[in-house]
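Colleague: Please find the sequence and the predicted model below.
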Amino acid sequence: MVTTARAGETALSTPSDREVAFTRVFDAPRALVWRAWTEPEHLRQWFLGPDGWTMHVCELELRPGSTYRYGWRKENGKTMEISGEVVEVVPPERMVTTERWGPEWPEAINTLLLTEKDGRTAVTLTSLYPTKEIRDAAIATGMEKGVYVSFDRLAGLLSGMR
């Protein structure tokens, strides 16, 4: 809820045995956060994870049943990619997608919720995994570091988009 969250702080929680959730309040209206989250020209600027990565693939169509694909390249040449399907889109408040980090990871379901109050937007991004063990393995990758840095970049981008 926006009233209890503080702007500028990203929090990780585990709402259930199979979920991991990230929350953060951004000092920007929901429509602006939605654009930054769903328009490739903006995604390429902030959705990068730890420093040293660039997004060289950013394909997204906001239509249920469509697919998306994101690819990153690190300065040393290492690459990684995720892909999935867009399940639900309710602009500017909700998007549900599937997600697969290659053949070694099972599919997860991501739910993005944007809630605005007084010109500030609470973002909740929840990933639902098939089992607790897979959720725990995802957390053990250090995923929160990449999310925290990316959300910090998003905050900077949003301040420049006004």
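Modeller: Yes, it's here.

Colleague: Without its sequence neighbours, what residue ends up closest to the spatially most central residue of the chain?
Modeller: Among the residues of the chain, the one closest to the centroid is Leu125, at 6.1 Å (C-alpha atoms, centre = their mean). Setting aside the residues directly before and after it, Leu125 is nearest to Phe22 in space (C-beta to C-beta, 6 or more residues apart in numbering), at 4.8 Å. (C-beta placed from N, C-alpha, C; glycine too.)

Colleague: In terms of helices and strands, where is the residue nearest to the centre of the chain?
Modeller: strand 120-128 (DSSP states H and E).

Colleague: which other residues reach that strand?
Modeller: Taking contacts as C-beta atoms under 8 Å, 6 or more residues apart in numbering, the residues outside strand 120-128 that touch it are 1-2, 5, 7, 15, 18-30, 32-33, 99, 108-116, 135, 138, 147, 151.

Colleague: what's downstream of that strand, the next helix or strand?
Modeller: Downstream of strand 120-128, the next assigned helix or strand under DSSP H and E is helix 132-140.

Colleague: Which residues belonging to that following helix are considered buried?
Modeller: Residues of helix 132-140 classed as buried: Arg135, Ala138 (neighbour count, 16 or more other C-beta atoms under 10 Å).

Colleague: Walking through this protein, point out its strands one by one.
Modeller: 11-13, 19-26, 53-59, 67-74, 79-90, 94-99, 108-117, 120-128 (DSSP state E).

Colleague: Any stretches of the chain with poor pLDDT?
Modeller: Residue ranges of the chain with pLDDT under 70: 1-7.

Colleague: For the longest helix anywhere in it, name the packing helices and strands.
Modeller: In the chain, taking DSSP state H as the definition, the longest helix is helix 143-161. Based on contacts counted as 3 or more C-beta pairs under 8 Å, 6 or more residues apart in numbering; DSSP states H and E, the elements that helix 143-161 packs against are strand 19-26, helix 30-38, helix 40-46.
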